[in-house]
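In: Have a look at this prediction, sequence included:
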Amino acid sequence: MSKPAKFISEGGSSNRPPLFEGDDYYYWKDKMELFLRSQDNNMWAVIKVGEYQPTVKDSFTLKPQLEWTTTESERVLLNTKAKLFIKSALCREEYDRIMECKTAKEMWNTLQTHHEGTSRVKETRIDIGVRKFELFEMNEDETVDQMYGRFTIIINELNSLGKNYSTHERIRKLLRCLPKNWRHIVTAITEAKDLSDMKLEDFIGSLKAHEAILQEEKPEKKKMIALDSQIEKQSHNKDEKDLQNDDDCHTPFFDRTFLFFIFSSFKLSRFYSSF
């Protein structure tokens with residue numbers, strides 16, 4: 001029974017390299033390096049240093065193939081295996097890009113230059129990544145897991161470009177990126193823990209524990225807001241009712257006064273008209 005297509009494209013076993021279709025190069029690069037190392041300890045050397053060629057002892061003269069030892073034959077075979085694994089991992093477009101390369105090292109470097117750029121482009125991408133790291137902030141409406149997921153993407157991109165941050169630097173940055181309502185947990189962690197020895201997993205665990213407490217407090221806070229709103233509404237209604245009662249009390253007096261004024265004016269006008 002054949003394996004699902006997605007399983008095959010992702011590399012379903014230790015004998016199948018992860019497929020690269022042109023996207024997410026850093027993700028593939030990391031998986032491919034791990035795959036090649038898992039095949040043989042010397043295979044990664046074929047990629048980074050170059051092909052192994054048996055030589056005559058104490059000289060740079062290449063040995064004739066018939067004189068190769070079993071160990072030398074096995075190491076030479078790694079050259080071919082490395083090329084096979086790289087080509088087997090590529091889609092047609094990426095395969096065409098390295099088809100004329102003669103060695104596995106050349107294939108790897110060609111892909112790396114195309115997707116990472118030249119050294120100058122690489123430096124620019126590092127600068128962009130460092131700026132993302134420095135400006136990183138946790139959003140008010142996201143969870144610790146969501147925040148840390150975004151942070152990890154930035155770290156992984158920088159790692160793939162050769163820019164690494166220590167655990168201590170990452171923890172200090174994450175402490176600085178937290179919202180204002182997390183400030184007391186920042187103080188508690190910095191005062192109670194030695195950040196230089198703290199594990200990143202323990203730090204994230206502390207943040208998630210604090211997050212759980214905040215989530216529990218939210219329903220109570222909503223209830224208090226609703227109660228305050230209800231009390232304010234009742235008070236407002238009472239004030240309106242009292243005002244209406246005051247109006248009702250003054251209305252008859254006003255009516256009597258007004259009628260008396262009209263009646264008096266009418267009598268005076270009749271009095272003066274009699275002269």
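Out: Received it, and whenever you're ready, just let me know what you need.

In: and the residue nearest to Tyr95 when sequence neighbours are not counted, which of the three is it?
Out: Distance criterion CB to CB, 6 or more residues apart in numbering; nearest residue to Tyr95, sequence neighbours excluded, is Lys87 at 6.1 Å. Quick note: C-beta positions are derived from backbone N, CA and C, even for glycine. Following DSSP: H, G, I helix; E, B strand; the rest coil, Lys87 is assigned to helix.

In: Show me the shaky parts of the stretch 1-150 of the chain.
Out: Low-confidence segments of the stretch 1-150 of the chain (pLDDT under 70): 1-13.

In: which ones are touching the residue nearest to Tyr95?
Out: Neighbouring residues of Lys87 by CB atoms under 8 Å, 6 or more residues apart in numbering: 95, 98, 107.

In: Of these, grab the buried ones for PyMOL.
Out: What follows is the PyMOL syntax for the buried subset of those, where burial is set by 16 or more other CB atoms under 10 Å:
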select buried, resi 98+107
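
In: Next step: the contacts of Lys87 restricted to helices.
Out: Judged by DSSP state H, the subset of these located in helices is 95, 98, 107.

In: now the residue sitting nearest the centre point of the chain, nearest residue through space, not along the chain?
Out: By CA atoms, centre = their mean, the mean C-alpha position of the chain lies nearest to Arg150, the distance being 0.6 Å. In space, and not counting its chain neighbours, Arg150 is closest to Phe136: 7.5 Å by CB to CB, 6+ apart.

In: From Lys199, how far out is the one you found?
Out: As defined by CB to CB, to the nearest Å, Phe136 lies at a distance of 20 Å from Lys199.

In: and if you look at Asn181?
Out: 25 Å.

In: before we move on, what about Ser206?
Out: Counting by CB to CB - Ser206 and Lys199 are separated by 11 Å.

In: who has more neighbours, these two?
Out: Using other CB atoms under 10 Å as the criterion, Ser206 and Lys199 rank with Ser206 on top: 17 against 10.

In: Nearest spatial neighbour of the more buried one, chain-adjacent residues omitted?
Out: The shortest distance from Ser206 to any non-neighbouring residue, by CB to CB, 6+ apart, is to Ile189 (6.1 Å).

In: that's a helix at the one you found, yeah?
Out: Yes - counting by three-state DSSP, Ile189 is part of a helix.

In: I figured it hits Leu175, correct?
Out: Yes - applying CB atoms under 8 Å as the test, Ile189 and Leu175 come out as touching, 6.9 Å apart.

In: Tell me, how many residues neighbour the residue nearest to Ser206?
Out: Count around Ile189 with other CB under 10 Å applied: 19.

In: who touches it in this structure?
Out: Going by CB under 8 Å, 6+ apart, Ile189 touches 175, 195, 203, 206.

In: ok, it to Asp141 distance?
Out: Going from Ile189 to Asp141 by CB to CB gives 23 Å.

In: Likewise for Phe203?
Out: 22 Å.

In: next one: Ile98
Out: 45 Å.

In: Repeat that for Leu111.
Out: Noted for Leu111: a distance of 39 Å to Asp141, by CB to CB.

In: more neighbours, the two?
Out: Neighbours per residue (other CB under 10 Å) separate Leu111 from Asp141, with Leu111 holding more: 22 against 7.

In: give me the element that one is part of.
Out: Here Leu111, judged by DSSP states H and E, is contained in helix 104-116.

In: just how off-centre is that helix within its chain?
Out: 28 Å (CA atoms, centre = their mean, to the nearest Å).

In: just stretch 140-153 next, same as before
Out: Offset of stretch 140-153 from its chain centre (CA atoms, centre = their mean): 5 Å.

In: ditto for stretch 136-144
Out: Between the centre of stretch 136-144 and the centre of its chain there are 9 Å (CA atoms, centre = their mean).

In: Distance check, the closest residue in space to Ser160 that isn't next to it in sequence against Tyr95.
Out: Once flanking residues are discounted, Ser160 sits nearest to Tyr26: 4.0 Å by CB to CB, 6+ apart. The gap separating Tyr26 from Tyr95 is 20 Å, by CB to CB.

In: For stretch 135-146, buried residues please.
Out: By neighbour count on 16+ other CB under 10 Å, the buried set for stretch 135-146 is 136, 138, 144.
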